[in-house]
Structure formats: C-alpha cells, structure tokens
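> kindly generate the corresponding structure for this input.
(2 chains)
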Amino acid sequence: MTLFDLLLQQTINGLSLGAMYALLALGFTLVYGILELINFSHFNVFMVGSFIAMGVLQLFGLTGQDVILTGLPLVGVLLVTFAVTMVSSGAIGVAIERLSLRPLRNVKGPAAMITTIGVSYILFNIILLVCGAEAKNYPNPMPTVRYHIAGAVLDLRVVLIWIVALVLMGGLYLFVQKSRIGKAMRATAQDAEAARMMGVDVDRVVMMAFFLGSALAGAGGLIFGLYYNFTSFIIGFTAGLRAFTAAVLGGIGNVPGAMVGGVIIGMIEAMGGQFIATAWTDVIIFSILVLVLVFKPAGLFGRMAPTKS
Amino acid sequence: MITRRAAARLLAGTTATAALGAGLSPVLAADKVIKIGADLSLTGADAEGATRVKDGIIMAVDAANQGNAVPGYTFELLTLDDGTATAGQYDPAQAATNARKMVSDQDVVAAIGPQMSGAGKAMAPILSQGDLATITPSSTNPDITNPKFAEQYRPAGKPIYFRTVTTDAFQGPNMANYMAEKLNIKSVYVLDDSGAYGVGLADAYQAQIEKKGVKVLGRDRLDPKAADYMTVLTKIKALNPEALYYGGVGQAGIKLAKQAYDIIPNTIKAGGDGVYGASFLIGTGFPAADGWYATIASPHLTADTKAANFVKAFTDRFGVAPEDYSITAYDAALVIIDAVKRVAASGKPVTRSAVRDAIQTAKVPTIQGIVSFDANGDLADRTVSVFQIKKDTSAKLDDISAQYHYIDVAPQV
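Residues are numbered from 1 along each chain as shown, chains lettered A, B, ... in the order given. Sure, this is the predicted structure:
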C-alpha cells in the first residue's frame, strides 16, 4: 500500500465512523436546540436501538453471518428492520420525554439533565439484565462485496451505510426546513414563549424532537451492528460521548453542524490512529474540542444564542 | 430498622447464595462451616468463561461436602463478582472491594481467583494484609508473584497469591518460540488491550520474539471500550506483517477478530488465553474466529484421560462442556480442601495463616497432576499449550473442545 492508498483507506474508515457519529449527534442537537437540555439518555437509546434491530433480524431467522441475502429479500429485510427499529426507538424517546422530562420542564437547574443520566443507566441495566453481558454476534445478511479503488478496499456495506446516513440526514434537514412541524420546531428553538403565543403546540414540537432524534439513534444502532457485526450493552457510552463531542464541535443546536462535526471526529479518529497511535485517540479528539471551544465557544457553526429570559 | 448497608449486605448474601444454587448440601448441625472465597468476572465480556470456572469450583466443593472430605467441617462458597456493568469486563476497583469483603469475613480461610490479572494486582496487597491466601485458576501476569515487586503485591511478607496455571513469563515467550520455530514467521505486529494482563503478555511475547530474530513491525494499544479497530488494522495491513499477536481479553479481542477478518484475512493471528474460551467463540462467531491461534497457561486438560470422568460429570450437570480453566479452578479448590484437611488433622485450629502455610507446602494429586508451588506461589509445572480454532460444523459453536484444536505444547523458553 502506498501512502496515497493508505490515506484513501483511512478516509473511507473515517467517513464510516463519521456517518455514525453524525446520526447520533443529530439527536443531541435537536433536543438541545429546543429545550437547551443535554439528553444523556440518548447514548443508550442508540444502544437499545441496536438490540431492537438485532431482535428483528433474528425474527427473520438470521443469526451470525451465516445467512446471506441478496436482491429483493435483502432490501426488504433491511427496510423492515430499519422501519421497526426507528419507530420503536422513536417511541422510547417519546416515552422518556413524556414520563420523566415533561414534569420537569419548568424546573430550573440541572434536575432534567440528571434525570436523563438516570434514564440512561436504567436502559443500560435493563439490557444488561435482559440480554446478558456478553458481546453479541450480530446477525448480518449483507453479502461481502468489495470494490477496489486504487489500493484501498471499499465494502458494499460501507457504501450502504453512507447512503442510509445521507438519506436520513437529508430527510431530517428537509423536514426541519420545509414541513409545518419543522418550522414550528425552529420557531420553538428560537423562542418557545413567542412560538406558543403564535399558536405553536410546544409539547408536540418537543415530542417530535425526541421522536426524530431517537429514531435516528436507533438507525445508528442498526448501522453500528451491521458495520461491526457486533453489539453489546456497553456500546452507548464511547460512541455517545464522541457523538456528543461532534455535536458540540459543530455548534450544538445546529443541524448541519452536527453532521460536519460527526465527520470531523470520525476523520480525526482514523488519521490519529494511523499517524499517532490508537491509544491516543481520545486525547486527540478532546484536545481538538477544547481548542475549538477556546477560540469559537459556540462551536464551528453555532451562533451564540441571545440570553433567554 | 434495616440500614442501607445492612440491606446491601443482605442483598450480597442472597446473590452469593443464589449463585451457589442447588449446589449446597445440607449442613450437619455439628459441622463447623468453612468459607472459601471466590472472585470471578461474572459480569461482562468474560462472563461465559467465568461461569464455567465457577462451576468447576462448585464441583470440587460439592464433592468434598458429600464425601465428607474433612470430618467435622463443611465448605461453603462466598462467590463475588468483580465484573461491573460500567467496565463491561473485570473492574479492578470492584476486585479490591471484594478482597476487603473476604478479608473482613472471619469464616473465609482461603480463596479462589481472581480470573484476571488486573483484578489480581488490585486484590493481592489487601489479601496479603489480611493474611488470606488465594489460588488463581487463570490469572497469569508474572509481576504479582515476582519477588521484585513483593513490597507492592505482598506487603505483609508471605506469598499469598498461588496459581494452578503458569505465568505470562512463559505463556508469551513460549508462544513466541512456537511462532518463530514452527510457523516460521519473519515479521509480526503486536497489539494489547491496555489491561494488566494484556500489556504484560504482549511485552513478554515481544521481548522473546525479537530475541528470535523476528521483526516487530509495530506495537499498538487498543481501547477495550472503543468499537472501531479498523483504523489500526488498516495501518497493520499497510505494513503487511506475516502475523498479528494480540495480548488481551475478550472485550477488545472479539471486536479485533471480527474486523481483522475483514481487513487482514490472510495474516496469521494469535493470542493468549484471553482468546481461548466460549466467550470468544460466541462473541466472534464464524468465519471470523477461524484460524486464530490461542494458548493456555496449563497442559491441555479436558482431553486428558484422567479428566474424562470430570468432563462427563460437569457436562451432565451444567449442560455445557468445561474449559481447561474449569479444571484448573477445580484443582485450586482441591488444593484448598487438602490444605484444610491437613491443618485439621494436625489438630491445630483451622486459621487463615495455617491454611496458607499448608497451601505453600501442598503436594496434591489433581486432574493436572501433582500440584506444588515454588517459594513465590507459582506453579512448578510450566507447560503452555497451543490451540488453533478450526470450525467443526458437527459440534456446537461454543463447544470449546471441538472448535479449539489442540496442536502441541509450545517450546519452553
């Protein structure tokens, strides 16, 4: 492998990581944009999503990497799995909001944020107790198809992951920009009180933000499983923390910022591992975060919000 | 009123009893109860193996109680879990807490465990201060018993950390010999999982393989909690070594094996006893696990004719086949029972310090042969066995004896 091949391969690796972080970062950003709440339960909604998807794939009779599907059955199975996973993860997000966060909506201080940490641990332990502690061999029906580009290898599943991530993120962006409820979301993010006075149903908007963010996290969980052929009850924290960092880096509350932030973190991880050492990944990622925040406290694409009364 | 601490103790007690399950035989009223502590990694990536180790101990303790091995005494297990949900595998802090729990329970006269060296390093000083001997069935980091580190790991002086396996001072280097002499590799890349065991094993391996004239193309450290090792594997692919050696346990090992299968399918891949066992097979799955070399720090016991009865009884009772470390754990329990027996027979009170002294001078016939220890607590026998995973479709995926093909004893350093 020449240096060029190596750079190309690490770029492919970095973009795959980035796509996953970006999907996850969007959930943080959506909720923060509207409620100014850092939702730590998002970490483990992602993890639960990967388990839900695993259950769905198993219902199709898929275990391990033995059963390979092609053509229409593959597309069908993946579509159904994505749909079920995203709707159920979204429902979990809505339930979290409705049961544990809405009652705290008007409580000042860190109560709501601490609650999300609590919910995160509840999800974590439920999966631990119900599904067990061991690493799961993830069912994966995707055939191994490889494209050789110069000296680098591009897997079909990597391409699929990029496409799914792009479609979901593009869809979200259009939804927020064009749809009625999307406009209501942006209005609420700018000024919840004014939006309410204009007749926006803020509760519905908040619920929608949780639904969308959690559905994307669920999709991220499924992608994670298909990409690594593995899941475990513990995957939420490392991925969640890096995705959260991506959201902050891009400017928390800013949807395109979260996507760019995710890709940047993914690329740093890949290139840092290549040219420095994998053990230093976290040091590099968080040093860059600190540097960016020192010079641009609102993140790369964020604007400092006017203080809300 | 039940205080919080009392409630926690109550809960811990119930869990320990529940863990023993049906294994307890009725305690005779006159019998004095002696507790054997057991610290295992029952939560997390190594849970599957830990359960089989625990079952090995239960077999020995039940047999001793039923056969009235030490008249007037009944054995009871105090099983503690050093795996935590947040760590996802063994957690040294939890191991230290467990060591304190054992030391503070006066009925505990000896212990078995821990499985993991990282846990062992945390427990050894506490056990030393409490004068409580432990016998590990699988932790292989040599530092813990090395007299050079006596101040750190046995501050009270006497050796308290015994093993029914040999150490990584042999496991790593012997495998290096095997790979250089038998697999004829000329270059290798070395990885570890940042844990005490993994780093020590990889260091020992690397030192010996360099001595054998094999080029070490690089060394990297994996974060066991990270999911993605494609970056480092891509780096390895570019360097194109003939072999990859991984020092570490299952949490990183499973992910490494899966991703290595995609990126460097034709490179020889090898690890220590961290990649040996049911947890690794189940988590990794086939085809990714196929072809991996693994070692254990003991002779290959489950295939031994002397072990046939044990293997059958174990499989009948628990529904799964034992691992070799189920047998080293069984042997560890036999050594403790024998030590208690000798102390009781001599008419002295069965105290921790008496049991420790008896373990030190043990010459106990076990499944792996006569177990005796050197002055530091290390096993006299230094055999390292080499295995390779080859898929056997006729057997269950997690059947270790079918999927791990025994190759040979690795050449001794």
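
> how many neighbours does A:Gly109 have?
8 (other C-beta atoms under 10 Å in any protein chain shown). All C-beta spots, glycine's among them, are computed from the backbone N, C-alpha and C.

> could you pull out the strands in the chain for me?
Here I'm looking at chain A. Under the criterion DSSP state E, strands of chain A are mapped to A:136-137, A:146-149, A:152-155, A:230-231.

> actually, chain B is the one I wanted.
Along chain B, counting by DSSP E, strands occupy B:32-40, B:73-81, B:108-112, B:134-136, B:161-163, B:187-192, B:215-221, B:243-247, B:268-271, B:293-296, B:364-366, B:369-371, B:385-389, B:404-409.

> as JSON lines, those with mean pLDDT would be great.
What follows is these, written out as JSON lines (pLDDT from 0 to 100):
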{"stretch": "strand B:32-40", "mean pLDDT": "95"}
{"stretch": "strand B:73-81", "mean pLDDT": "95"}
{"stretch": "strand B:108-112", "mean pLDDT": "96"}
{"stretch": "strand B:134-136", "mean pLDDT": "97"}
{"stretch": "strand B:161-163", "mean pLDDT": "96"}
{"stretch": "strand B:187-192", "mean pLDDT": "97"}
{"stretch": "strand B:215-221", "mean pLDDT": "95"}
{"stretch": "strand B:243-247", "mean pLDDT": "97"}
{"stretch": "strand B:268-271", "mean pLDDT": "97"}
{"stretch": "strand B:293-296", "mean pLDDT": "96"}
{"stretch": "strand B:364-366", "mean pLDDT": "93"}
{"stretch": "strand B:369-371", "mean pLDDT": "92"}
{"stretch": "strand B:385-389", "mean pLDDT": "96"}
{"stretch": "strand B:404-409", "mean pLDDT": "94"}
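
> follow-up on the earlier one: just say which of the strands of chain A is most tucked in.
Among the strands of chain A, the stretch with the highest mean neighbour count (mean count of other C-beta atoms under 10 Å in any protein chain shown) is strand A:230-231, at a mean of 24.

> quick one: strands adjacent to that one?
If you go by DSSP bridges, strand A:230-231 pairs up with strand A:136-137 (antiparallel).

> out of the strands of chain A, which is closest to A:Tyr173?
Smallest distance to A:Tyr173 across the strands of chain A (C-beta to C-beta): 25.5 Å, for strand A:152-155.

> for that closest one, packing partners?
With contacts defined as 3 or more C-beta pairs under 8 Å, 6 or more residues apart in numbering or on different chains; DSSP states H and E, strand A:152-155 has these neighbours: helix A:3-35, strand A:146-149.

> packing partners of the longest one?
Using 3+ C-beta pairs under 8 Å, 6+ apart as the contact definition, the elements that helix A:3-35 packs against are helix A:41-59, strand A:152-155, helix A:156-178, helix A:180-190, helix A:202-228, helix A:235-250, helix A:255-275, helix B:230-239.

> how near is B:Tyr229 to chain A?
According to C-beta to the nearest C-beta, to the nearest Å, B:Tyr229 stands 7 Å off from chain A.

> and the residue of chain A found nearest chain B, how many residues sit next to it?
Minimum separation of chain A from chain B (C-beta to the nearest C-beta) falls at A:Gly273, amounting to 3.2 Å. Counted with other C-beta under 10 Å, residues neighbouring A:Gly273 total 27.

> contact residues of the stretch 51-200 of chain B facing chain A?
Residues of the stretch 51-200 of chain B lying close to chain A (C-beta under 8 Å from any C-beta of the partner chain) are B:Gly83, B:Ala85, B:Gly88, B:Ser194.

> number of residues surrounding the closest residue to A:Leu17 other than its chain neighbours?
Leaving aside its sequence neighbours, A:Leu17 sits nearest to A:Gly266 (C-beta to C-beta, 6 or more residues apart in numbering or on different chains; 3.5 Å). When neighbours are defined as other C-beta under 10 Å, A:Gly266 has 26 of them.

> also B:Lys35?
With other C-beta under 10 Å as criterion, B:Lys35 counts 19.

> which ones are touching it?
Residues near B:Lys35 by C-beta atoms under 8 Å, 6 or more residues apart in numbering or on different chains: B:Phe75, B:Glu76, B:Leu77, B:Leu78, B:Asp105, B:Asp107, B:Val108, B:Val109.

> go on, A:Leu168?
Contacts of A:Leu168 by C-beta under 8 Å, 6+ apart are A:Leu23, A:Leu216, A:Ala219.

> one more time with 10 Å
Applying C-beta atoms under 10 Å, 6 or more residues apart in numbering or on different chains, one finds that A:Leu168 lies in contact with A:Ala19, A:Ala22, A:Leu23, A:Leu26, A:Phe82, A:Met86, A:Leu212, A:Ala215, A:Leu216, A:Ala219, A:Gly220, A:Ile223.

> in a markdown table, list the helices and strands packed on helix A:3-35 along with distance to B:Asp338.
Below are the helices and strands packed on helix A:3-35 laid out as a markdown table (distance: least, C-beta to C-beta, whole Å):
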| stretch | distance to B:Asp338 |
| --- | --- |
| helix A:41-59 | 46 |
| strand A:152-155 | 56 |
| helix A:156-178 | 56 |
| helix A:180-190 | 72 |
| helix A:202-228 | 47 |
| helix A:235-250 | 45 |
| helix A:255-275 | 51 |
| helix B:230-239 | 47 |
